[in-house]
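Enquirer: Predicted model follows, preceded by the sequence.
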Amino acid sequence: SAYYYGITYDPVADVRGGDTSSTSERENAALVALVRNSELKDMQASMIQLENRWNHKYNYPYVFFNDEPFSDEFRRGVQSITKSNITFVTLTHEYWSLPEDIDLVRFMVNLQKNRRRYIYGGKLSYRLMCRFESMLFYKHPALASYKYYWRIEPDVDYYCNINYDPFRYMRTNGLVYGFTIAFSEIKSTIETLWETTKQWIEQNPQYIPEENAADWILDDDGNYNLCHFWSNFEIVDMDFYRSQAYESYVKHLDDAGGYFYERWGDAPIHSIAASILLPKSKIFWFEDIGYRHSNTYVCPSNFEMSYNCFCKKAHSYHRSSCHRKWSDAKGLSRSQFFEKISI
Ligand code: GDP
Ligand code: MN
C-alpha cells in the first residue's frame, strides 16, 4: 500500500471493490447544481457516474437550483439515481434578475454587439447564471447550513474511482479551493474585469494577505493572463465566498455592471479572488479526479492515479499552459504583488 494524499491507499483492496475510506461520517457539505428541467437526462448521466465512482459510499446530499420550478419528472428522475436527500430550489427574483441599476439601453446595445463576438454573447440567461454563481448561490438559505460544496453539472464525466472523501481532505488539510481543470478565458468577455479588480485592490489593500497565489494569473507586465480554474468543477469552503473580502470584491464588480455590459464569467471571478486573497497552500489541484466538461478533459497519467480511472484516451493527459503555470507559480508576498501589478 502507498501513502496517497494522506490516506493509506491499497490497490488490491480497490480492485476488489473494497472501500479504503471511512464512510460512517460526512463533512458539512453538499453537491450543488444549477440546472434546467430540459437537462434531466444529462444531469442523470453525470450523477450516475459520480454515485458509482464515489458518492454511493457517502450519500452526500444534493441541492439543485433552477430559475423555474422543477418538474415532477425532473424530481423523480434525479431521485431515482441516488439514495441521498435532494433539495429542489426555485430561485426568487433576488437571485435571478437584472439589477435595477443596470442601464437597459447600454445593456441591449452591448448584447447586440456581442451576440456574434463570443459564445453566449447575446444571452441574458447566461449572464444571470454567471452572476448567481459568482456572488449569490452561497448566500441562499438552502446552502446556509453547509460549509463545503462541490459544484456539479449536467453532461460531464467523472472517470476515476475516488477512494477517499475530498471534502474531508479539504478540511483536514485546511484547504479552501479545489479544482481539476485550469483554462484560458476568452478575452473579449472580460475586457474591463482586471482594471475593475485593480480599482478594488487600490481601494481595499487591507484585504490582500501577507502572501498570495496571484503569480500564476499574471503576465510579465502584471496584467491578467486569462488563466482560471474551470468552475464547473470546484470544491470550495464557502466561508471564503462568505468572507468580507470576497463579498466586498464581488459587490464592487456588480456595481461596475460587467456581468451584463460584458459577459464576466464566474470562473475568472472565483479564480482571481482565490488567487489574490489566498496563499497558494490553500488552493489544491485534484489531479487524481479525471473529469470531462464539453470537449475538454483531464485524466491522470501518473500510474498510482491512472489505473483507477477509465478514460476514453488514456494516453492523453491534458495539461493546458495554465496547468503548467499553476504548477510553476511561486507564492507572492504582499509587496511583491503590489509591485508586480504596479499599485
Ligand atoms: P457552460 O458550461 O459555460 O457552457 O454553460 P452551461 O450552459 O453548462 O451552464 C452552466 C450551468 O448553469 C449548467 O449546470 C446549466 O445547467 C446551468 N444553467 C445555465 N443557464 C441556465 C438557466 O437559464 N436556467 C437554469 N436553471 N440553469 C442554467
Ligand atoms: Mn457547462
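Expert: Sure thing, it's come through. Residues are numbered from 1 along each chain as shown. Ligands and ions are numbered 1, 2, ... in the order given.
Enquirer: Is it correct that residue 279 is in contact with residue 211?
Expert: Yes. The criterion here is CB atoms under 8 Å, and residue 279 meets it with residue 211 at 4.7 Å. C-beta coordinates here come from the backbone N, C-alpha and C atoms, glycine included.
Enquirer: Quick check on those two: which one has the bigger neighbour count.
Expert: residue 211 (17 against 14; other CB atoms under 10 Å).
Enquirer: And the pLDDT for the more buried one?
Expert: If you check residue 211, the pLDDT there is 98.
Enquirer: Tell me how far it lies from residue 333.
Expert: 6 Å (CB to CB, to the nearest Å).
Enquirer: Over to residue 25?
Expert: The gap separating residue 25 from residue 333 is 38 Å, by CB to CB.
Enquirer: okay, those two: which has more neighbours?
Expert: Per other CB under 10 Å, whichever of residue 25 and residue 333 has more neighbours is residue 333, with 13 against 8.
Enquirer: list residues touching both of residue 279 and residue 211?
Expert: residue 331 (CB atoms under 8 Å, 6 or more residues apart in numbering).
Enquirer: Could you list the low-pLDDT ranges of this protein?
Expert: 1-24, 313-319 (pLDDT under 70).
Enquirer: Skip the chain neighbours and tell me the closest residue to the residue of the stretch 101-250 of the chain found nearest ligand 1.
Expert: Relative to ligand 1, the nearest point of the stretch 101-250 of the chain is residue 125 (3.6 Å; CB to the nearest ligand atom). Spatial nearest neighbour of residue 125, excluding adjacent residues (CB to CB, 6 or more residues apart in numbering): residue 67 at 7.7 Å.
Enquirer: So what's the residue count around that neighbour?
Expert: 17.
Enquirer: Does it touch residue 126 like I think?
Expert: No. Contact criterion CB under 8 Å: residue 67 and residue 126 do not qualify, at 11.9 Å.
Enquirer: Quick check: which element contains the residue nearest the centre of the chain?
Expert: The C-alpha lying nearest the average C-alpha coordinate of the chain belongs to residue 231 (CA atoms, centre = their mean; 2.6 Å). Using DSSP states H and E, residue 231 falls within no helix or strand.
Enquirer: if I pick the closest residue to it other than its chain neighbours, what's in contact with it?
Expert: Counting by CB to CB, 6+ apart, residue 231 lies nearest to residue 267, which is 4.1 Å off, once chain neighbours are set aside. By CB under 8 Å, 6+ apart, the residues touching residue 267 are 183, 185, 228, 229, 230, 231, 232.
Enquirer: Go back to those residues and keep what's next to ligand 2.
Expert: When contact is defined as CB under 5 Å from the ion, the contacts of residue 267 meet ligand 2 at residue 232.
Enquirer: between the contacts of residue 267, which is nearest residue 80?
Expert: residue 232 (23.6 Å; CB to CB).
Enquirer: circling back to that earlier point, any idea how far ligand 2 is from the residue nearest to residue 231?
Expert: Distance, residue 267 to ligand 2, using CB to the ion, to the nearest Å: 10 Å.
Enquirer: Wait, residue 320 touches residue 216, no?
Expert: No. Applying CB under 8 Å, one finds residue 320 not in contact with residue 216, separated by 11.9 Å.
Enquirer: Tell me which of those two has more neighbours.
Expert: A side-by-side neighbour count of residue 320 and residue 216, using other CB under 10 Å, places residue 216 first with 23 against 16.
Enquirer: Alright, calling it a day.
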